[in-house]
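Novice: no letters, just coordinates:
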């Protein structure tokens, strides 16, 4: 019996709006893939990302073009890394877990999943607005601030005043210049920021090479699959591994192991999506120093049997959801 794939686009409303340096949105458009074999069904979800020239229609076309009976091994060569491959790969992992009665973490050779502290993201806004958002979330153990250029020191200061006990990481989403970087890093250290994510545009981050920095710097848009790691050495201290960039859990597991051998710290991150997209990433998060898997918390609604979030922790997925 061969595996049959189906895929469709879905949309989840965001609670309010989500704003980063590149723009704002009020809905998250995802692709849901189902892999069926007999009575068994596996599911995967991805977010095609315009920053990487991805769209929902394009992902659906790429999935429809896959040969019948595809398996995970063939998928790695039949499809380029990216969101569409992630949804198929994770659906096949889920199918294998359901069919075999073996949890996906065990199939992948990963540690048994436990609850992990996840960042909670504050959208880019004026300092006063970000300060108010920080006050509303001051009890969360880890806040991630979306930044974007001039005024960022004031934004972090406002958050720190209103959430004095929270750990902080910041994400510039390629919004800084080398000049701002030199100015901002000491200020970030003074304010207790533990990690600065993608300060410079991907492909224009040579200024990081050999730079002494008061706060570790993490690659996101500059980091995709295993083949990108070599170019990041000496520029970045950490890498943000997202399944939508690696093209699924299969590549992501191998990438985390390779990155650790090269001395990188690991962040496991996500696009803005439902619990179904978070579930496989939570298995990978067991190997990470920083976890940013708060997507469902930013949505107005989630899937049934979604991830449990409590006291700043994200709990392992229920079998009814995935894996």
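Specialist: Structure's in. What do you need? The model shown is predicted, which means the values in this text are computed figures rather than measured ones.
Novice: low-confidence regions, this protein specifically.
Specialist: 1 (pLDDT under 70).
Novice: which parts of it are helices?
Specialist: Along the chain, counting by DSSP state H, helices occupy 56-64, 72-78, 83-100, 104-107, 127-136, 152-162, 178-190, 229-232, 243-246, 249-261, 275-284.
Novice: centre of the chain to the last one, how far?
Specialist: This means helix 275-284. The chain centroid and the centroid of helix 275-284 are separated by 9 Å under C-alpha atoms, centre = their mean, to the nearest Å.
Novice: for residue 87, give me its contacts.
Specialist: Applying C-beta atoms under 8 Å, 6 or more residues apart in numbering to residue 87 gives the contacts 7, 31, 32, 33, 44, 45, 46, 59, 63. Placement of C-beta: from N, CA and C, glycine included.
Novice: and residue 227, by the same measure?
Specialist: By C-beta under 8 Å, 6+ apart, the contact set of residue 227 is empty.
Novice: change it to 10 Å
Specialist: 81, 255, 258 (C-beta atoms under 10 Å, 6 or more residues apart in numbering).
Novice: got those as JSON lines, with distance to residue 184 and neighbour count columns?
Specialist: Below are these laid out as JSON lines (distance: C-beta to C-beta, whole Å; neighbours: other C-beta atoms under 10 Å):
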{"residue": "81", "distance to residue 184": "31", "neighbour count": "22"}
{"residue": "255", "distance to residue 184": "28", "neighbour count": "26"}
{"residue": "258", "distance to residue 184": "30", "neighbour count": "16"}
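Novice: just name the closest of those residues to residue 167, please.
Specialist: Minimum distance to residue 167 across the contacts of residue 227 is 25.0 Å, recorded for residue 255 (C-beta to C-beta).
Novice: do you know how far the nearest residue to the closest one once chain neighbours are set aside is from residue 245?
Specialist: Computed as C-beta to C-beta, 6 or more residues apart in numbering, the closest residue to residue 255 that is not its neighbour in sequence is residue 226, at 4.9 Å. As judged by C-beta to C-beta, to the nearest Å, residue 226 and residue 245 stand 11 Å apart.
Novice: what is in contact with these two at once?
Specialist: 81, 251, 252, 255.
Novice: I'd say the second one and residue 77 touch.
Specialist: No. With the criterion set as C-beta atoms under 10 Å, residue 251 and residue 77 do not qualify as a contacting pair; they are 11.6 Å apart.
Novice: between these two, point out the one with more neighbours.
Specialist: residue 251 (22 against 7; other C-beta atoms under 10 Å).
Novice: contact partners for the residue nearest to the more buried one when sequence neighbours are not counted?
Specialist: Nearest residue to residue 251, sequence neighbours excluded (C-beta to C-beta, 6+ apart): residue 225, at 5.8 Å. Residue 225 sits next to 80, 81, 82, 241, 245, 246, 247, 251, 252, 254, 255, 258 when contact means C-beta under 10 Å, 6+ apart.
Novice: so how far is residue 85 from residue 225?
Specialist: Distance of residue 225 to residue 85, computed by C-beta to C-beta: 10 Å.
Novice: what's the answer for residue 270, then?
Specialist: 16 Å.
Novice: could you do residue 274 as well?
Specialist: From residue 274 to residue 85 the distance is 19 Å (C-beta to C-beta).
Novice: looking at those two, which is more packed in?
Specialist: residue 85 (28 against 23).
Novice: list the contacts of residue 237.
Specialist: 195, 196, 208, 213, 215, 216, 217, 218, 219, 263, 264, 265.
Novice: the first one is in contact with residue 218, isn't it?
Specialist: Yes. Shown here, residue 195 and residue 218 form a contact pair, counting by C-beta under 10 Å, at 5.4 Å.
Novice: neighbour count: these two, which is higher?
Specialist: residue 218 (28 against 24).
Novice: longest strand in the protein, by residue count?
Specialist: strand 4-20 (DSSP state E).
Novice: now that one: buried residues?
Specialist: When burial is assessed from 16 or more other C-beta atoms under 10 Å, strand 4-20 yields the following buried residues: 5, 7, 12, 14, 18, 20.
Novice: circling back to that earlier point, looking only at neighbour counts, state which of residue 226 and residue 245 leads.
Specialist: Each of residue 226 and residue 245 has its neighbours counted (other C-beta under 10 Å); residue 245 has more, 24 against 16.
Novice: now do the same contact list for the nearest residue to that one once chain neighbours are set aside.
Specialist: Excluding the flanking residues, the one nearest residue 245 by C-beta to C-beta, 6+ apart is residue 224, at 4.7 Å. Neighbour list for residue 224: 52, 81-82, 202, 239, 241-242, 244-247, 251, 255 [criterion: C-beta under 10 Å, 6+ apart].
Novice: can you redo those as a markdown table with distance to residue 278?
Specialist: Below are those laid out as a markdown table (distance: C-beta to C-beta, whole Å):
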| residue | distance to residue 278 |
| --- | --- |
| 52 | 20 |
| 81 | 19 |
| 82 | 18 |
| 202 | 24 |
| 239 | 19 |
| 241 | 14 |
| 242 | 11 |
| 244 | 12 |
| 245 | 15 |
| 246 | 15 |
| 247 | 17 |
| 251 | 18 |
| 255 | 18 |
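Novice: many thanks, have a good one.
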